[in-house]
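Asker: pasted the sequence and its predicted model underneath.
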Amino acid sequence: MRILILGGTVFLGRTIAEAALAAGHEVTLFNRGKSNPAAFKDVETITGDRTTDLDKLKGRTWDAVIDPSGYIPKHVGASAQALKDSSEHYTFISTISTYKNFSIPNMDESAPVGTLEDPTVETVTGETYGPLKVLCEQAAEAAMPGRVLSVRAGLIVGNYDPTDRFTYWPWRVQKGGDFVAPESPAYPMQVIDARDIADWVLHMAAARKGGVYNVTGTPTTLGDVISSAQRATGSDASPIYMDAEFLSANEVQPWADLPLWIPASDADHQHMHGISVAKALADGLTFRPLDATIAATLAWANTRPAGEPLKTGLSAEKEQTVLQAWENR
């Protein structure tokens, strides 16, 4: 296929570009040239901003467009409109954050989505991110009816992850010693390797399949993630599981200090790690083993400059304070 990627040098977009090239597809990138400009030196790149420079794409045709960089409905709509006669298929990378909340177990694509009181809002915040993605999906579909694949991605992990949310856990195991962990080894997690999304998106684009799909991983547990990291590193790290009440009393913040942890008391997010992907599985979604994801994540994380702190997770100082408080309780 001849594929145009809007972006293509950050996290999932970069992973999709790598997968497409590895599969022998002809790839063109359209981006501002500001993020990782040297990532694909031998790949055609059209330098431009999707908000002002879509005319640079005129006169070209592609078999498929992949859009991992859209957050504002009018920008996504304009991109799809500009490319509707230039491509047979448009993939928009959306998010499970489109859903109104996660109070329902095993939610499928029919679950209620979030809305905005003011649909003209263009500021992306924790509150507007999901509803804006809903409107992006709708804008793309309006421009290219029946030809848009909206990928409601779950918690994407692996190489190039700028959030460090998942990376924190194998990285912390690699360091060794006792460490703080939430609740129990049975705490659920549902993540997906960026490479698994990339492979599936290319499969769906080739098949010209559209529609809305939840795309996240097989449910696993924090204990499984830790065990996998221990196998990968040979570390002597030992998790000290602490109850939610103790963690709260010691000012350990869910998600920020202990990434991917959501206390059961947060009813709106209770089933965030339990999304149904039956529809995507029926259309060919497959998963790498967790060990492969952990190994790749660590290999990439270990290329970072020595001493560079992760963006999320407990600092060494705070962790020691919490461990001491647990011992003294």
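Answerer: Right, received. Where do you want to start? Not measured: the values here are computed from a predicted model.
Asker: give me the phi and psi for the spatially most central residue of the chain.
Answerer: Nearest to the mean C-alpha position of the chain, counting by C-alpha atoms, centre = their mean, stands Ile156 at 2.9 Å. Dihedral pair for Ile156: phi -80, psi 140, per degrees, to the nearest 10.
Asker: list the contacts of the closest residue to it other than its chain neighbours.
Answerer: Leaving aside its sequence neighbours, Ile156 sits nearest to Ala194 (C-beta to C-beta, 6 or more residues apart in numbering; 5.1 Å). C-beta coordinates here come from the backbone N, C-alpha and C atoms, glycine included. Counting by C-beta atoms under 8 Å, 6 or more residues apart in numbering, Ala194 touches Phe11, Leu12, Thr15, Ile156, Val157, Gly158, Asn159, Tyr160, Asp161.
Asker: Trp171 reaches Pro309, doesn't it?
Answerer: No - at 10.6 Å, Trp171 does not count as touching Pro309 under the criterion of C-beta atoms under 8 Å.
Asker: more neighbours: these two, which one.
Answerer: Trp171 (19 against 10; other C-beta atoms under 10 Å).
Asker: list the buried residues of the helix or strand hosting the more buried one.
Answerer: Applying DSSP states H and E as the criterion places Trp171 in helix 168-175. For helix 168-175, burial by neighbour count (16 or more other C-beta atoms under 10 Å) applies to Tyr168, Trp169, Pro170, Trp171, Arg172, Val173, Gln174.
Asker: then stretch 269-288?
Answerer: Using 16+ other C-beta under 10 Å as the test for burial, stretch 269-288 gives 269-273, 275-277, 279-281, 283, 285, 287-288.
Asker: list the neighbours of that stretch that are in contact with it.
Answerer: Contacts for stretch 269-288 (C-beta under 8 Å, 6+ apart): 96, 101-109, 154, 188-190, 192-193, 195-196, 199-200, 203-204, 209, 213-219, 260, 262, 264.
Asker: SS state for Ala325?
Answerer: helix (DSSP: H, G, I helix; E, B strand; the rest coil).
Asker: that one contacts Asn250, doesn't it?
Answerer: Yes - between Ala325 and Asn250 there is a contact under C-beta under 8 Å: 5.4 Å.
Asker: between these two, which has more neighbouring residues?
Answerer: Asn250 (18 against 14).
Asker: pLDDT score assigned to the more buried one?
Answerer: Asn250 is assigned 97 on the pLDDT scale.
Asker: mind checking what helix or strand follows the helix or strand His75 falls within in sequence?
Answerer: Using DSSP H and E, His75 maps to helix 73-83. Counting by DSSP H and E, the element after helix 73-83 in chain order, helix or strand, is strand 90-95.
Asker: quick one: mean pLDDT over that following strand.
Answerer: Strand 90-95 shows an average pLDDT of 98 in the prediction.
Asker: for this protein, just list every one of the strands.
Answerer: Along the chain, counting by DSSP state E, strands occupy 2-6, 26-31, 44-47, 64-67, 90-95, 148-153, 155-157, 178-182, 188-189, 191-193, 211-215, 220-221, 238-242.
Asker: helices and strands around the fifth one, which ones?
Answerer: On a contact count with 3 or more C-beta pairs under 8 Å, 6 or more residues apart in numbering; DSSP states H and E, strand 90-95 meets strand 64-67, helix 73-83, helix 129-143, strand 148-153, helix 194-207.
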